[in-house]
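1. Sharing a model that was predicted from the sequence below.
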Amino acid sequence: MVSGLPDPVRFFGGISGFIEAAAKAAKTKQPRIVVCGESAALLRGEGKLDAAIRLDQLCDELAKIHEVDVLCAHPVSAVPGVES
């Protein structure tokens, strides 16, 4: 985090190595890499909505750059009009 928001350079620098290692360890020609994260929901829970939104945006970019599936966990209570 820099100035209260996720830093893109640190985000991509940190996670890119993990994605590349997972792809190399895969046993298929075209591995399906899935990244799971709950950090945006945790940030939202702390009242850091701008940071949560920015992290979700970075995850969207990550999916395009590395051709990975990003699964994000958000509590049902975060969705207006939906009851748990």
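-> Here it is on my side, so go on. Numbering: from 1, shown residues only.

2. for this structure, which spans come out with low pLDDT?
-> Applying pLDDT under 70 to the chain picks out residues 78-79, 82-84.

3. Next up, the contacts around the residue nearest in space to the middle of it.
-> Per C-alpha atoms, centre = their mean, the C-alpha nearest to the average position across the chain is that of Cys59, at 4.0 Å. By C-beta atoms under 8 Å, 6 or more residues apart in numbering, Cys59 lies in contact with 35, 37, 40, 70, 72. Glycine gets a C-beta too; all of them are placed from N, C-alpha and C.

4. Might you specify the subset of the residues you listed located within helices?
-> Ala40 (DSSP state H).

5. Out of the contacts of Cys59, give me the one that has the most neighbours.
-> Ranked by the number of neighbours (other C-beta atoms under 10 Å), the contacts of Cys59 place Ala40 first, at 24 neighbours.

6. Burial check on Lys24, number of neighbours?
-> Neighbours of Lys24 (other C-beta under 10 Å): 8.

7. Work out for me the element Gly81 sits within.
-> Using DSSP states H and E, Gly81 maps to neither a helix nor a strand.

8. That one - how many residues pack around it?
-> Neighbour tally, Gly81, other C-beta under 10 Å: 4.

9. From Leu49, how far out is it?
-> 18 Å (C-beta to C-beta, to the nearest Å).

10. do the same with Leu43
-> Relative to Leu49, Leu43 is positioned 8 Å away (C-beta to C-beta).

11. Between the two, tell me which one has more neighbours.
-> Leu43 (22 against 11).

12. Contacts only, for the more buried one.
-> 49, 51-52, 55.
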